[in-house]
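S.K.: Sequence plus the predicted model coming up.
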Amino acid sequence: MGCVSSAAHVGRSQVLGIIPTTLAEGNFVEKTVDGIGTLEEIFQIASWAQLNIRHKPIGLLNVDGFFNKLLSFLDKVWEENFIPYSARQIFISASIAEELIDKLEAFVYKLDPVAAQ
């Protein structure tokens, strides 16, 4: 994640880093979580959309269809009313970086009337 944020910063994009208080204070055992930790962070941001805390998109660079099953799962749980549209709509994907950037820049959050209540 450091490489991605550094590249975004060099390109004059805004970078937001999220770190739990325990990590910021140094009260932790250093461990690499990789995939599960990344998924946890992705879904934490998505939950913020559902709670109307944050409405920025989550960009998934879907190289070789890497995120296809995750995106299908998200579509299914939305169709089954397990998650509101506000949580699903923030997941933006593309297989080419330039296309993903264009989609992220064009993203407009649409408030889910059910989630707003």
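M.R.: Right, received. Where do you want to start? Only a predicted model underlies this, so the values are computations on that prediction, with no experimental measurement involved. Numbering: from 1, shown residues only.

S.K.: correct me, but residue 62 touches residue 93?
M.R.: Yes - assessed by C-beta atoms under 8 Å, residue 62 is found in contact with residue 93 at 4.3 Å. Yep, even glycine has a C-beta here, placed from its N, CA and C like the rest.

S.K.: any common contacting residues for the two?
M.R.: Common neighbours of residue 62 and residue 93, using C-beta atoms under 8 Å, 6 or more residues apart in numbering, are residue 71.

S.K.: Tell me the first helix or strand C-terminal of the helix or strand bottoming out on mean pLDDT in the chain.
M.R.: Every helix and strand in the chain was compared by mean pLDDT, DSSP states H and E; the lowest is helix 21-24, with a mean of 54. The first helix or strand that comes after helix 21-24 along the chain, using DSSP states H and E, is helix 35-50.

S.K.: List the buried residues in that next one.
M.R.: Along helix 35-50, these residues count as buried under the neighbour rule (16 or more other C-beta atoms under 10 Å): 45, 46, 48, 49, 50.

S.K.: ok, the third one - contacts?
M.R.: Yep, that's residue 48 we're talking about. Counting by C-beta under 8 Å, 6+ apart, residue 48 touches residue 54.

S.K.: going forward can the numbers begin at 789, since that is how I track them
M.R.: Okay, residue one is now 789; in that scheme the one you just asked about reads as residue 836.

S.K.: now it: how far from residue 874?
M.R.: Counting by C-beta to C-beta, to the nearest Å, the gap from residue 836 to residue 874 is 10 Å.
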